[in-house]
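1. the following comprises the amino acid sequence and a computationally predicted model.
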Amino acid sequence: QVQLVESGGGLVQAGGSLRLSCLGSGRDFSMDTMGWFRQAPGKDREFVATINWTGSTTYYGDSVKGRFTISRGNAKNTVFLQMNSLRPEDTAVYYCAASIRSTSRSAGIYDYWGQGTQVTVSS
C-alpha cells in the first residue's frame, strides 16, 4: 500500500516554529518531486513548497518564502518542512505530496497525497 504520512503538526504561538515530516512507504519515492500544500477552512488548497529528487531545486509560495524551508532526508523517501516565524494566517491542514514529474506549484501534477497534519498558530 502506497502511503505518505505527515507528522509534526500542532499548536504554536505566533513567531514560533514547527518542523513537519513526511514519510513515504509502499514504493520508491527517491526519484520523485516532493511538495507541501496547505488548506485553510473555506479556502482553496495552496502551494507551499516543492523540491526535486536530488534536493538541488526548491520553490516556495510567496506567502512563506524566507520563513519556510523544504528539505529531503538522507533516505530520500522523507521530506521535511521547517516553518519559522509562524503567523496566524499559516493555520491550515498541511499535506505532503509526491510526483513523478518535475517540480511544480500545481497540485494537479502530484500523484500521491498524504492525509494531512493540522497546524494551528495562535496570536
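-> That came in fine, so what should we check first? Numbering: from 1, shown residues only.
2. what's near enough to touch the residue nearest the centre of the chain?
-> Averaging the C-alpha coordinates of the chain gives a centre point, and the residue nearest to it by C-alpha atoms, centre = their mean is W36 (2.4 Å). Residues counted as contacts of W36 (C-beta atoms under 8 Å, 6 or more residues apart in numbering) are 20, 22, 48-50, 70, 79, 81, 94-97. Just so you know, the C-beta spots here come from the backbone N, C-alpha and C atoms, and that holds for glycine as well.
3. what pairs with it across the strands?
-> Here W36 sits in beta bridges with A49, C96, as judged by DSSP bridges.
4. look up how far S123 lies from it.
-> Taken as C-beta to C-beta, to the nearest Å, the spacing of W36 relative to S123 amounts to 23 Å.
5. neighbours of S63, just the number please.
-> Residue neighbour count, defined by other C-beta atoms under 10 Å, stands at 14 for S63.
6. contacting residues for it?
-> Here S63 is in contact with 46, 89 (criterion: C-beta under 8 Å, 6+ apart).
7. mind checking the SS state of it?
-> In terms of secondary structure, S63 is coil; the call rests on DSSP: H, G, I helix; E, B strand; the rest coil.
8. how much space separates it from M83?
-> Using C-beta to C-beta, S63 is found at 12 Å from M83.
9. same question for R38.
-> Using C-beta to C-beta, one gets 10 Å for the distance from R38 to M83.
10. which neighbours do those two have in common?
-> Applying C-beta under 8 Å, 6+ apart, one finds that R38 and M83 are jointly contacted by 90, 119.
11. the nearest residue to L81 once chain neighbours are set aside: neighbour count?
-> Once flanking residues are discounted, L81 sits nearest to L20: 4.2 Å by C-beta to C-beta, 6 or more residues apart in numbering. The criterion is other C-beta under 10 Å. On that basis, L20 has 24 neighbouring residues.
12. and L4, by the same measure?
-> One way to gauge burial is a neighbour count; for L4, by other C-beta under 10 Å, it gives 23.
13. ok so, going back, would you say the residue nearest to L81 is within a strand?
-> Yes: the assignment for L20 (three-state DSSP) places it in a strand.
14. can you give me the strands in the chain?
-> Under the criterion DSSP state E, the chain carries strands at the ranges 3-7, 10-13, 18-25, 33-39, 46-51, 58-60, 68-72, 78-83, 92-99, 112-113, 117-122.
15. thanks a lot, catch you later.
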